[in-house]
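Q: give me the fold of what follows.
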Amino acid sequence: FERDNVVIVGRGGQAVLRDKPGVLHVRITAPQGARALRVKERDNIPFTQAIEMVHAKDQAAIDYLQRFFGINWENPLQYHLIINTGWWELEDATELIVNALTHLKTVNER
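A: This is a model prediction of the structure:
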């Protein structure tokens with residue numbers, strides 16, 4: 001673990017890097033309907049198909065994290081920050097993460 005400025009999306013980073021200093025664990029979530037609407041618009045598919053895709057992706061993530069790390073991805077204690085993008089716009093969510101990273105660097109310097 002000797003890297004700077006790395007983003008790990010999924011893959012159990014909240015478990016693998018659990019106790020590493022300088023690591024910020026963020027969970028980005030939204031209501032299933034909001035996520036399905038984004039998939040529908042992105043992929044130009046029916047909403048019902050988008051719901052199925054979102055559900056399948058969620059189930060795959062749940063299974064992966066349980067199988068390989070024995071963790072529940074919905075446990076808020078695994079994250080420093082949880083952002084609901086059903087509420088926050090993407091740009092605002094990005095700003096929240098950048099601010100959290102800035103604060104994390106300050107905390108780690110103490």
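
Q: correct me, but residue 80 touches residue 101?
A: No: taking contacts as C-beta atoms under 8 Å, residue 80 lies outside contact range of residue 101: 9.8 Å. (Glycine included, C-beta is placed from N, CA and C.)

Q: domains in the protein, by residue range?
A: Here the domain assignment for the chain is 32-72, 75-103, based on automatic domain parsing.

Q: shared neighbours of residue 80 and residue 101, anything?
A: residue 24 (C-beta atoms under 8 Å, 6 or more residues apart in numbering).

Q: which residue is the nearest non-sequential neighbour of residue 78?
A: residue 14 (4.4 Å; C-beta to C-beta, 6 or more residues apart in numbering).

Q: got CSV for the domains of the chain, with distance to residue 21, mean neighbour count and mean pLDDT too?
A: Converted to CSV, the domains of the chain look like this (distance: least, C-beta to C-beta, whole Å; neighbours: other C-beta atoms under 10 Å; pLDDT from 0 to 100):
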stretch, distance to residue 21, mean neighbour count, mean pLDDT
domain 32-72, 20, 14, 96
domain 75-103, 12, 13, 93
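
Q: I'd like the ones you listed as TSV, with distance to residue 18 appended.
A: Shown next, in TSV, are these (distance: least, C-beta to C-beta, whole Å):
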stretch	distance to residue 18
domain 32-72	9
domain 75-103	8
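
Q: how about the ones you listed, which one is nearest residue 19?
A: Closest to residue 19 of the domains of the chain, according to C-beta to C-beta: domain 75-103, at 11.7 Å.

Q: what about that closest one, start to end distance?
A: One end of domain 75-103 to the other measures 23 Å (C-alpha to C-alpha, to the nearest Å).

Q: thank you kindly, that will do.
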